[in-house]
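J.: my questions concern the predicted model and sequence given below.
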Protein chains: 2
Amino acid sequence: MADKAELQEAIKAQGEVVRQLKAEKASSEQIASEVAKLLELKAHLGTDDGKHSFVLKTPKGTRDYNPKQMAIRDKVFNIIIGCFKRHGAETIDTPVFELKETLTGKYGEDSKLIYDLKDQGGELLSLRYDLTVPFARYLAMNKITNIKRYHIAKVYRRDNPAMTRGRYREFYQCDFDIAGQYDPMIPDAECLKIVHEILSDLQIGDFRIKVNDRRILDGMFSICGVPDEKFRTICSTVDKLDKASWEEVKNEMVGEKGLAPEAADKIGEYVSMQGGADLAEKLLKDPILSQNKQAYSGLTDMKELFKYLELFNVTDKVIFDLSLARGLDYYTGVIYEAVLTQNQMEAQPQKQQNDHSTDEPVSVGSVAGGGRYDGLVGMFDPKGRKVPCVGVSIGIERIFSIMEQKAEASEEKIRTTETQVLVASAQKNLLEERLKLISELWAAGIKAEVMYKKNPKLLSQLQHCEETGIQLVAIVGEQELKDGVVKLRNVATRGEENVPRANVVEEIKRALQS
Amino acid sequence: MADKAELQEAIKAQGEVVRQLKAEKASSEQIASEVAKLLELKAHLGTDDGKHSFVLKTPKGTRDYNPKQMAIRDKVFNIIIGCFKRHGAETIDTPVFELKETLTGKYGEDSKLIYDLKDQGGELLSLRYDLTVPFARYLAMNKITNIKRYHIAKVYRRDNPAMTRGRYREFYQCDFDIAGQYDPMIPDAECLKIVHEILSDLQIGDFRIKVNDRRILDGMFSICGVPDEKFRTICSTVDKLDKASWEEVKNEMVGEKGLAPEAADKIGEYVSMQGGADLAEKLLKDPILSQNKQAYSGLTDMKELFKYLELFNVTDKVIFDLSLARGLDYYTGVIYEAVLTQNQMEAQPQKQQNDHSTDEPVSVGSVAGGGRYDGLVGMFDPKGRKVPCVGVSIGIERIFSIMEQKAEASEEKIRTTETQVLVASAQKNLLEERLKLISELWAAGIKAEVMYKKNPKLLSQLQHCEETGIQLVAIVGEQELKDGVVKLRNVATRGEENVPRANVVEEIKRALQS
């Protein structure tokens, strides 16, 4: 094993290089590159000597879905897709990676979280960070000026994962967007209606949908004395108000971002305001704010939005909240974010009726967000032609976590297959009979399994049914063969009946329905 | 354009900051943060001067799916998933990327096609190359010793794309695998049965499934005088026989791989053999080949396999073909590959009956493949514990291409939404009535749309229905409001009837059923 010894020597030497670099506080790029070499050497050792030093894990911030989790995921997707289709949406798909330049300059301070692919010759690529920018690229590329589409796919962010709270580096987004030149606030209202429908249908507890408008924020910043070039960065700071206190947020504005303390205090007054159509009315009467053109348009539209939300019967959950800012750069009008307001373990459907008795629901996390982005498609169009867009993204990892916890807490057993019939044998040497029979069942569209043993015990075949929830067993035995019948056994009732071999398909279909 | 000049100055200054930090070997975090500022400035330049140097495309070898393509894709998936569920499979999902070392040493000569992610600090990652290796990693990681699962997801290969023939760098695989210690050839036969069912159900023309066994190949190589260490590389060369002539293959064996010409000639005799159970019988009587232990086991199992395939009624399409080799390293037993044998444009269902009249169907491409890989899970297990596996992968991009061409050639219009009702207005100022009505329809689970205009013309509303295949229009007008009714219009027949506003949901449900 000279090879192996050599490799181990090389690994030892490389390990020393890495230790040295760390001691010298070398740049982390340099360290990472040497660590990579070390890992590669170790990988060779793993395959060459038949022993394995593999780290058996998924990459940081990612996870597998086991069959039970997939069953829950399917249930959630069906509810969400059902809603999108009820609202007349088509669907599209885009590649998991885009040209790097497609993503550049779209996400502001969050751009550092984008995953880049290694340059292996050819184009520079990055994994998609959301589904909105690929959608805008798709519209510009295909010169589409109006569409209502949904897109459910995974996106990628090199963020600090907090997986127990449903924060991953690879996660699903379920996006619904309406592109086109329409009358104000009608598509915007439908997006909020959709959030309301989906969160209600999922039965994961009470929620609130906060609404604001970038134009109101910009107007507010302007009259509070924020210099124009600081709008976006101050907006990012305001966005932290859902996780940080006003004191912390103010410190960032004044200390890090160099805003005058008086300006910050004025912002502080506004961002504490919450309400509904009434707040829009009140602010329209604010002599300073309403003089600002941007703010005035935003507030007028907000009033209109609430009129439509009233017709859609969703104002019970929607709050006009001046502290809502959203991190991303591309929003130009209405913005919104939905939060669950209950601890998920109390979030049983029957409890919802009592919710209104609690004075102030506690926010436990954002599950949907979106807004209007009228400029994004134009950034891709060679002539800068704009396509106004509004949309919403449902972030379902957190919803999965809640549903998983609910499923674990409940007694109900989740089936991970849909098998209806197990084709079993009562004695030895009946494999051929079983295969012939199951082939007929498959041809008739019946979902059926057979144990992959020549001579399985009847008991172990019956146990498999109990464990996996199979309803019916079709048993062939020596006596049944002689009599030209198949024995059908109902797993739950243990009732048995012999049916003619010739009619077995119809008889099984009948038994499955009863 | 003073602004632009200023920006360019700022970009220059910021560029200098970054250069300086790099020269000083500052921490990469610090550098990244300054680079982010630089990119932000550049992005502003891009948006501020209204000109764009973006290349509007998807990365090489990838494509978007538009709504029509998605409708076809859904149809294909439903057929495939339907079959997998009929056979009792569960499903799992894994991340799109794996630790690089997870993929290392699994794919032989194809490893160069793996996409690596850029080292941005942290783990070294690669995009998955297939679904089989992630499945094996999943089994070892979760200590699962038996499971029947399907997995439908995109995989990534830096190959030379030929997109018109359905060869992409990002493409779907639909995998079905059976893991567990079972009696020989029973799960293997079910995998072939599944390929047969799916290709029949898809109605894309006639097909053949070639079967061979790695043990038969290895035995054959051994008795033909191929040195042990050249088995895998000669196997890769034999695999090219479906695209290259025997002359070319022989040249590669002898010229590139240094095999003795006599050995190559002996191989040439064997790999020209095709048949069924009869060929297995014949080779078992081959005095030299049957003396080889590996070949003997493979041939005995092949005989058994054909017995089961007979019971499954699929021997009409299965050929035991000694030239089938499969490129990947990890196969240890039975291997198979399905090819379509018709030009897809003739592949109409009614033509299939006549297929047997054509003497030799021409292969136009592989659409499924798989085999047994009993050693792969053990490569991940710290103690090398083996979990025998057999599976099949349906490559559906080619199937999509055929289905798309069929759809284009046919008259039938593909609907991309499921909308049942358009809520329309006959006069101006009825938006609120429309929104109130559609909200009721959504609540009743009816799929409905409304035009996002305050005062759309009735004609354009009706046109929208014609274009998108909406069956029913619910019209509110001044007269209808007065009379307390809604007018239901059948788009196809143009028949109209007034129904009471109070019963509109039931009346619409009734009209949709009729």
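T.: Arrived safely.

J.: nearest residue to A:Val377 other than its sequence neighbours?
T.: Excluding its sequence neighbours, the residue lying closest to A:Val377 (C-beta to C-beta, 6 or more residues apart in numbering or on different chains) is A:Val387, at 4.0 Å. Every C-beta, even on glycine, is put in place using the N, C-alpha and C of the backbone.

J.: okay, now the domains of chain A?
T.: Chain A is divided into the following domains under automatic domain parsing: A:2-48, A:60-179+A:387-414, A:209-373, A:421-513.

J.: returning to what we had before: check for me that the residue nearest to A:Val377 belongs to a strand.
T.: No: counting by DSSP: H, G, I helix; E, B strand; the rest coil, A:Val387 is located in no strand; its state is coil.

J.: that one against A:Ile178, yeah?
T.: No: under the criterion of C-beta atoms under 8 Å, A:Val387 makes no contact with A:Ile178, lying 10.6 Å away.

J.: by proximity to chain B, which residue of chain A wins?
T.: A:Gly105 (2.4 Å; C-beta to the nearest C-beta).

J.: and that residue, backbone torsions?
T.: The phi and psi torsions at A:Gly105 (degrees, to the nearest 10) take the values phi 80, psi 20.

J.: and it, how many neighbours?
T.: 21 (other C-beta atoms under 10 Å in any protein chain shown).

J.: do the same with A:Met141
T.: The number of residues packed around A:Met141, counting by other C-beta under 10 Å, is 17.

J.: also A:Arg501?
T.: The number of residues packed near A:Arg501 is 17, by other C-beta under 10 Å.

J.: could you measure from the closest residue to it other than its chain neighbours over to A:Val476?
T.: The shortest distance from A:Arg501 to any residue other than its chain neighbours is 5.1 Å, reached at A:Gly484 (C-beta to C-beta, 6+ apart). Using C-beta to C-beta, to the nearest Å, one obtains 11 Å as the distance from A:Gly484 to A:Val476.

J.: circling back to that earlier point, let me know the pLDDT of the residue of chain A closest to chain B.
T.: At A:Gly105 the predicted local confidence, pLDDT, stands at 86.

J.: and if you look at A:Glu346?
T.: The confidence metric pLDDT takes the value 47 at A:Glu346.

J.: got it, and A:Ser363?
T.: At A:Ser363 the predicted local confidence, pLDDT, stands at 46.

J.: following the worst-scoring helix or strand of chain A on mean pLDDT, which helix or strand comes up?
T.: When the helices and strands of chain A are compared on mean pLDDT, DSSP states H and E, helix A:28-48 comes out lowest with a mean of 66. Toward the C-terminal end, the helix or strand that comes next after helix A:28-48 (DSSP states H and E) is helix A:67-86.

J.: what's the first helix or strand after that next one?
T.: Reading on from helix A:67-86 to the C-terminus, the next helix or strand found by DSSP H and E is strand A:90-91.

J.: may I have the strands that pair with that following strand, each with its orientation?
T.: Each strand that pairs with strand A:90-91, with its direction, by DSSP bridges: strand A:147-156 (parallel).

J.: helix or strand right after the strand it pairs with?
T.: Scanning onward from strand A:147-156 (DSSP H and E), the first element met is strand A:170-179.

J.: partner strands of that following strand, with direction?
T.: According to DSSP bridges, strand A:170-179 has these partners: strand A:147-156 (antiparallel), strand A:389-395 (antiparallel).

J.: could you export that strand as CSV, CA atoms only?
T.: What follows is strand A:170-179, C-alpha atoms only, in CSV (Å, rounded to 0.1, in the frame of the first residue of the first chain):
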residue,chain,number,x,y,z
GLU,A,170,-31.9,26.1,-0.7
PHE,A,171,-35.6,26.7,-0.3
TYR,A,172,-38.8,26.8,-2.3
GLN,A,173,-40.6,29.9,-3.5
CYS,A,174,-44.1,29.8,-4.8
ASP,A,175,-44.5,33.0,-6.9
PHE,A,176,-47.6,34.4,-8.5
ASP,A,177,-47.2,37.6,-10.6
ILE,A,178,-49.3,39.7,-12.9
ALA,A,179,-47.5,41.6,-15.6
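
J.: tell me the buried residues in the helix or strand following that strand?
T.: Scanning forward in sequence from strand A:170-179, with DSSP H and E defining helices and strands, the next element found is helix A:186-202. For helix A:186-202, the buried set under the neighbour-count rule, 16 or more other C-beta atoms under 10 Å in any protein chain shown, comprises A:186-200, A:202.

J.: greatest separation within the residues you listed: which pair is it?
T.: A:Ile186 and A:Leu202 (25.3 Å; C-beta to C-beta).

J.: pLDDT below threshold where in the stretch 151-300 of chain A?
T.: Counting by pLDDT under 70, the stretch 151-300 of chain A contains low-confidence residues at A:164.

J.: chain B contacts on that one?
T.: For the stretch 151-300 of chain A, the contact set with chain B under C-beta under 8 Å from any C-beta of the partner chain comprises A:154, A:156, A:158, A:170, A:178, A:180, A:182-183, A:186-187, A:189-190, A:193, A:197.

J.: go on, the stretch 301-450 of chain A?
T.: That would be A:307-308, A:311-313, A:375, A:379-382, A:384, A:416-419, A:431-432, A:435-436, A:439, A:442, A:445-450, which are the residues of the stretch 301-450 of chain A within reach of chain B (C-beta under 8 Å from any C-beta).

J.: now, of the residues you listed, which are buried?
T.: Applying 16+ other C-beta under 10 Å to these, the neighbour count classes A:307-308, A:311-312, A:375, A:379-381, A:416-417, A:419, A:431, A:435, A:439, A:442, A:446-450 as buried.

J.: I'd say the residue nearest to A:Arg501 and A:Asn503 touch.
T.: No: taking contact to mean C-beta under 8 Å, the distance of 10.6 Å between A:Gly484 and A:Asn503 leaves them out of contact.

J.: just give the nearest non-adjacent residue to A:Lys118, would you?
T.: The shortest distance from A:Lys118 to any residue other than its chain neighbours is 4.1 Å, reached at B:Asp116 (C-beta to C-beta, 6+ apart).

J.: which parts of the stretch 301-450 of chain A are helices?
T.: A:376-380, A:396-409, A:431-443 (DSSP state H, counting those that start in this stretch).

J.: and those, which one is worst for confidence?
T.: If you rank the helices of the stretch 301-450 of chain A by mean pLDDT, helix A:396-409 sits at the bottom with a mean of 88.

J.: any idea how far that one is from the chain center?
T.: Distance, stretch centre to chain centre, for helix A:396-409: 12 Å (C-alpha atoms, centre = their mean, to the nearest Å).

J.: kindly report the same for stretch A:60-78.
T.: 10 Å.

J.: how about it and chain B, touching?
T.: Yes: part of stretch A:60-78 sits close enough to chain B to count as contact by C-beta under 8 Å from any C-beta, namely A:60, A:62-67, A:70, A:73.
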